[in-house]
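[1] I would like the atomic coordinates for the input below:
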Amino acid sequence: MRAFVSDRVNAVPPSGIRKFFDIAATMDGVISLGIGEPDFVTPDPILRAGLKTLEQGHTHYTSNGGTAGLRRAISRYLLRLYGIEYNPDTEILVTVGVSEALYLVMNAVLNPGDEVIIPQPSFVAYAPEVMLAGGTPVIIETSVRHEFQVTGAEVEAAVTSRAKAVLLGYPNNPTGAVMTRERLTEIAAVADKHDLLVISDEIYDRLVYGITHTHFATLPGLRPRTVVLSGFSKSHAMTGWRLGYAVGPVELIAAMNKIHQYTIMSAPTMAQFAVADTLDQADDEVEKMRAEYDRRRHLIVSGLNELSLSCFEPRGAFYAFPSVATAGMDEETFADTLLREERVAVVPGTAFGACGAGFVRASYATAYEKIEEALERMHRFMQRHG
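    Below is the predicted model:
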């Protein structure tokens, strides 16, 4: 019998994150610094609104693009945060998390062989989603020397006649890097010069520390060629609610909605109604979570540096990205040995691109006390191996 799995799917490697989660799941007493998920419960106004939604019987499909109420709420939200206004009827699409939004935009814009420029280290799904849509990822390797920021010159050097888009993910998973407005302006100039689409994944936009996040579409002249992907999973501790959105030009949002209506139908109804009614009421709790992440950030970064696991200061998201060179191991061996010897789970940096070699991702989206204990265990580990 012939092989039925497509060549395109066979060409996509499995996620480098899952291996360590699967091992950790079989072990007792593991402290996970691996998972990129808030340990907080969803803010109370949203929880109560979700329960009320169920009690009122809102358990059916919504319109494909999302409820009108939620799209209006997102429009107000972005205007309040960034001073940019999107038409809720034509420029906003509600999706099943940012993951679906990423799938939709790639399939909406790519023809076979079109190239998408991706700075790495980056979220594990970026290059695979390009490949699954028939495109070709073009990787730019960033480095700790430049705090994992990509420059306009590096993007321009990667442009070929097949280039279609640039995919940015800042604040960054896994490094915690945040792009300065000046660097983003450099990339904007390259996109304009070479007529490129910019796809900006800004799911961590509310989680920045001591700096200001720049919404890419607010850069002068960039709105017509920018699709911004975001949502509430990280900032509002709503990973299980599966609610994201895309904003951008009318024709691109319409194309994405066409795929969405045949693939998904609509995002979860309870989540849509809950957020539509309470988005403006959750800011205080979002800020409390951000402040606690900041407290944990100081703990883990200083702790890792004290262990000679050199770590630059992450300014966004909830990840640290330390070098493990002083342990005398590569990143895979370090992560595997640390898990087996001390029951601390981290993710090898190469799960996020080849230039993650020599680094691991450590999430501080876990309790302060657990991070303290994890650092104690890592201290024992480094006494043996560092």
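
[2] how is Val94 assigned, secondary-structure-wise?
    What DSSP: H, G, I helix; E, B strand; the rest coil gives for Val94 is strand.

[3] correct me, but it touches Gly69?
    No - applying CB atoms under 8 Å as the test, Val94 and Gly69 come out as separate, 10.6 Å apart. In this view, the C-beta of every residue, glycine as well, is placed from N, C-alpha and C.

[4] spit out the residues that contact those two alike.
    Counting by CB atoms under 8 Å, 6 or more residues apart in numbering, the contacts common to Val94 and Gly69 are Gln272.

[5] between these two, which one's more packed in?
    Neighbours were tallied for Val94 and for Gly69 using other CB atoms under 10 Å; the higher tally belongs to Val94 (29 against 16).

[6] how many neighbouring residues does the nearest residue to the more buried one once chain neighbours are set aside have?
    Leaving aside its chain neighbours, Val94 sits nearest to Gly66 (2.6 Å; criterion: CB to CB, 6 or more residues apart in numbering). For Gly66, the count of nearby residues is 26 (other CB under 10 Å).

[7] same thing with Ala246?
    Ala246: 27 neighbours (other CB under 10 Å).

[8] identify each buried residue in stretch 138-145, please.
    By neighbour count on 16 or more other CB atoms under 10 Å, the buried set for stretch 138-145 is Val138, Ile139, Ile140, Thr142, Val144.

[9] end-to-end on it?
    21 Å (CA to CA, to the nearest Å).

[10] show me what the lowest-mean-pLDDT helix or strand in the chain is packed up against.
    None of the helices or strands of the chain scores lower by mean pLDDT, DSSP states H and E than helix 18-24, at a mean of 73. If contacts are counted by 3 or more CB pairs under 8 Å, 6 or more residues apart in numbering; DSSP states H and E, helix 18-24 sits against helix 331-342, strand 344-345.

[11] with mean pLDDT, distance to Gly134 and mean neighbour count as added columns, please give these in a markdown table.
    As requested, these are exported to a markdown table (pLDDT from 0 to 100; distance: least, CB to CB, whole Å; neighbours: other CB atoms under 10 Å):
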| stretch | mean pLDDT | distance to Gly134 | mean neighbour count |
| --- | --- | --- | --- |
| helix 331-342 | 95 | 31 | 19 |
| strand 344-345 | 95 | 35 | 24 |
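
[12] put the alpha carbons of stretch 260-279 into PDB.
    Output in PDB follows, covering the C-alpha atoms of stretch 260-279 (Å, rounded to 0.1, in the frame of the first residue of the first chain):
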ATOM      1  CA  HIS A 260     -11.600  30.300   8.900                       C
ATOM      2  CA  GLN A 261     -15.200  29.700   8.000                       C
ATOM      3  CA  TYR A 262     -14.400  26.500   6.200                       C
ATOM      4  CA  THR A 263     -12.000  25.200   8.800                       C
ATOM      5  CA  ILE A 264     -13.200  26.300  12.200                       C
ATOM      6  CA  MET A 265     -16.600  27.900  11.900                       C
ATOM      7  CA  SER A 266     -16.100  30.200  14.900                       C
ATOM      8  CA  ALA A 267     -14.000  30.700  18.100                       C
ATOM      9  CA  PRO A 268     -15.400  29.300  21.400                       C
ATOM     10  CA  THR A 269     -18.700  31.000  22.100                       C
ATOM     11  CA  MET A 270     -18.400  31.300  25.900                       C
ATOM     12  CA  ALA A 271     -15.000  32.900  25.600                       C
ATOM     13  CA  GLN A 272     -16.200  35.400  23.100                       C
ATOM     14  CA  PHE A 273     -19.200  36.600  25.200                       C
ATOM     15  CA  ALA A 274     -17.100  36.700  28.400                       C
ATOM     16  CA  VAL A 275     -14.400  38.900  27.000                       C
ATOM     17  CA  ALA A 276     -16.800  41.100  25.100                       C
ATOM     18  CA  ASP A 277     -18.500  42.000  28.300                       C
ATOM     19  CA  THR A 278     -15.500  42.400  30.600                       C
ATOM     20  CA  LEU A 279     -12.300  43.300  28.500                       C
END
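
[13] give me the residues contacting that stretch.
    43, 45-50, 53-54, 58-67, 69-70, 72-74, 76-77, 93-96, 100, 104, 232, 236, 238, 241-244.

[14] this protein - how does it break down into domains?
    The chain is divided into the following domains under automatic domain parsing: 7-42+284-385, 57-281.

[15] now do the contacts for the closest residue to Ile203 other than its chain neighbours.
    Nearest residue to Ile203, sequence neighbours excluded (CB to CB, 6+ apart): Val98, at 4.8 Å. In this structure, Val98 makes contact with Asp201, Ile203, Leu229, Ser230, Gly231, Ser233, Gly244, judged by CB under 8 Å, 6+ apart.
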